[in-house]
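*Asks:* Have a look at this prediction, sequence included:
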Number of protein chains: 2
Amino acid sequence: MLNILKDHIEKFAQISDEEFEEIKKFFDTKDVAKKENLLEEGQICKHHYFVLKGLLRKFFINEKGTEQTTEFAIETWWLTDNFAYENKIPSDFYIQAVEQSTILYISQDNQEKLLTAFPIMERYFRFVYQRAYAAAQRRIQYLFTFSKEAFYFQAVRNHPEFVQRVPQYLIASYLGFTPEYLSEIRKRGIS
Amino acid sequence: MLNILKDHIEKFAQISDEEFEEIKKFFDTKDVAKKENLLEEGQICKHHYFVLKGLLRKFFINEKGTEQTTEFAIETWWLTDNFAYENKIPSDFYIQAVEQSTILYISQDNQEKLLTAFPIMERYFRFVYQRAYAAAQRRIQYLFTFSKEAFYFQAVRNHPEFVQRVPQYLIASYLGFTPEYLSEIRKRGIS
C-alpha cells in the first residue's frame, strides 16, 4: 500500500527503489475508524497526513457552535493545519476520518530530516504545496464569486464522484449551508 | 536592489555569491507605474512576480462588475495567478501596481529551468509555497469565522502599517465592503 506514496512521488521527482526504502522509514501508518479524530482543537498540530485509502476532512467549530468544514482529502492528498504544523502550535481545527481510512503520517521534525537527507523530496513537496496553494487561491476566488447555490452545482458538475462519496451534511458544512437548505436547493436543481 | 532577492533566498537556503550571479540571470526587472496592470483578465498568465519595492494587488471583476481584491504583495512577496501560471492558461485576474513599484519577474519555463539548474531553489520555492498555502488556509478560515467588521479590526491590530499603506477603497475591495460601509465602521470603531 506504501506504493501509493511512491507512485505519487514519482509523478514529480525521480527516486530509486533503494531511496524509497529509506524514505518510507520517516513515515508511520495508521488505520483510522470512521469519525475518529486525528487532531482536535487546542492540540499541538504534530503531523502531516497523506491518505492511502479513505477520506479525511478538516473543520472548525464556528461562533454559532456548528462545524465549518474547510477541506477534504481523498487518496494521495496531503492534509494538515499547515500554519499550526509549521509553528508547532495548538490548532483551531479538527481533522477527522469521514470513512474508515488508512493514512501515512509524518512529524514536522521528521519531515525536515527527510528533506535534509533526500533533497529530491524538496521538489516533491514544492509541487505538493504549489498545487495546494493554487487550489486554495481558487477556493478564495469562488467564495467571493459564486452564490453558494451556484458553487454547489459547479461542484456536482466538476467532481461528481466526490459529491456522491461525501455525505450530504458534510457537503452542506463545506459550503456553509444548513443540511435542510442543501436538500431544498437539490430539489430545486432537479425540478 | 537584487540583493533583496538574495537575502530572501538565504532565509531558507544556502547559496554562494557565484550561484546568485547565475540565478539572477533567470529574472528580469521592471519598473511599474501606479495603477499599471501587469496582467489583465483573459491574458495568458506568463509570469511570477517578486516585489523588490512597492505594492501589488490581485483582483477580479465580480458578477456585479466591481473589483474584488483577493491578495496584496509587498516587498519580498511573490504574486501570480498560480493555477493559470502553472497551466499557461488565460487568467480570471488582474495584477496591478498600487504604488509605483520595482519588481522581478520570471516565466514558467525559466522557473522550471532555474529549478533544474539549481536544485537548492526547490527548497526556497518549497518554503515560499508552503507559507503562501498556510496563509491562504487562514484566509479561508477567516472568511468563514469573522464578521467582515471583526476581520477589518483584526487586520488593523495585526498589520497596522499595512492597513495605513493601502488606500481605504482597496481595503474595502479586499474585504468585500463598499468604501462607504468601511468608512462607517471605521467611525463606529473610533467612537
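*Replies:* That came through, no problem. If you're wondering where the values come from, they're calculated on a predicted model, not measured in any experiment.
*Asks:* CA atoms for contacts and neighbours, from now on please.
*Replies:* Will do.
*Asks:* in chain A, which spans are strands?
*Replies:* Using DSSP state E, the strands of chain A run over A:28-32, A:37-39, A:47-53, A:56-61, A:67-73, A:78-79, A:94-97, A:101-107.
*Asks:* Let me know which of those strands is the nearest to chain B.
*Replies:* Smallest distance to chain B across the strands of chain A (C-alpha to the nearest C-alpha): 7.1 Å, for strand A:67-73.
*Asks:* For that closest one, C-alpha coordinates in PDB please.
*Replies:* The C-alpha trace of strand A:67-73 is given here as PDB (Å, rounded to 0.1, in the frame of the first residue of the first chain):
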ATOM      1  CA  GLU A  67     -18.900  22.600  12.300                       C
ATOM      2  CA  GLN A  68     -17.500  24.500   9.400                       C
ATOM      3  CA  THR A  69     -15.600  22.100   7.000                       C
ATOM      4  CA  THR A  70     -12.800  23.900   5.100                       C
ATOM      5  CA  GLU A  71     -11.100  21.000   3.300                       C
ATOM      6  CA  PHE A  72     -11.400  17.400   2.300                       C
ATOM      7  CA  ALA A  73      -8.600  14.900   1.500                       C
END
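*Asks:* what angle sits between that strand and strand A:56-61?
*Replies:* 160 degrees (axes from the mean of the first three to the mean of the last three C-alpha atoms, to 10 degrees).
*Asks:* mind checking how far strand A:67-73 is from the chain centre?
*Replies:* How far strand A:67-73 lies from its chain's middle: 8 Å, per C-alpha atoms, centre = their mean, to the nearest Å.
*Asks:* before we move on, what about stretch A:40-54?
*Replies:* Put simply, stretch A:40-54 sits 9 Å off its chain's centre (C-alpha atoms, centre = their mean).
*Asks:* Could you tell me how many residues sit around the closest residue to A:Thr76 other than its chain neighbours?
*Replies:* The spatial neighbour of A:Thr76 that comes closest, neighbours along the chain excluded (C-alpha to C-alpha, 6 or more residues apart in numbering or on different chains), is A:Val51 at 5.4 Å. Counted with other C-alpha atoms under 10 Å in any protein chain shown, the neighbours of A:Val51 add up to 23.
*Asks:* returning to what we had before: between the strands of chain A, which has the poorest average model confidence?
*Replies:* When the strands of chain A are ranked by mean pLDDT, strand A:67-73 comes last with a mean of 92.
*Asks:* Who are the packing partners of that one?
*Replies:* For strand A:67-73, the elements it packs on are strand A:56-61, helix A:168-175, helix B:120-145, judged by 3 or more C-alpha pairs under 8 Å, 6 or more residues apart in numbering or on different chains; DSSP states H and E.
*Asks:* tell me the most buried of those?
*Replies:* Comparing these by mean neighbour count (mean count of other C-alpha atoms under 10 Å in any protein chain shown), strand A:56-61 comes out on top with a mean of 23.
*Asks:* How about the contacts made by the residue most central in space within chain A?
*Replies:* Centroid-nearest residue in chain A, with C-alpha atoms, centre = their mean: A:Ala73, separated by 3.2 Å. A:Ala73 is in contact with A:51, A:55-57, A:79, counting by C-alpha atoms under 8 Å, 6 or more residues apart in numbering or on different chains.
*Asks:* Okay, and the beta partners of it?
*Replies:* A:Leu56 (DSSP bridges).
*Asks:* For A:Phe50, see how far away it is.
*Replies:* Counting by C-alpha to C-alpha, to the nearest Å, the gap from A:Ala73 to A:Phe50 is 8 Å.
*Asks:* With A:Glu19 instead?
*Replies:* A:Glu19 is 19 Å from A:Phe50, by C-alpha to C-alpha.
*Asks:* Neighbour count: these two, which is higher?
*Replies:* Shown here are A:Glu19 and A:Phe50; by other C-alpha under 10 Å, A:Phe50 has more neighbours (24 against 11).
*Asks:* picking that back up, spit out the residues that contact A:Ala73 and A:Phe50 alike.
*Replies:* A:Leu79.
*Asks:* and the residue lying closest to A:Thr102 once chain neighbours are set aside, how many neighbours?
*Replies:* Nearest in space to A:Thr102, with sequence neighbours left out and distances taken as C-alpha to C-alpha, 6+ apart, is A:Asp31 at 4.5 Å. Neighbours of A:Asp31 under the rule other C-alpha under 10 Å: 15.
*Asks:* isn't A:Asp28 right next to A:Thr102, touching?
*Replies:* No: counting by C-alpha atoms under 8 Å, A:Asp28 stays clear of A:Thr102, with 10.7 Å between them.
*Asks:* higher neighbour count, the two?
*Replies:* Neighbour comparison, A:Asp28 and A:Thr102: the larger count goes to A:Thr102, with 20 against 12 (by other C-alpha under 10 Å).
*Asks:* Tell me what the more buried one is bridged to.
*Replies:* Counting by DSSP bridges, A:Thr102 forms beta bridges with A:Asp31, A:Lys53.
*Asks:* just checking, it touches A:Lys53?
*Replies:* Yes: under the criterion of C-alpha under 8 Å, A:Thr102 makes contact with A:Lys53 at 5.1 Å.
*Asks:* so where's chain A uncertain?
*Replies:* Chain A contains residues with pLDDT under 70 at A:146-147, A:190-191.
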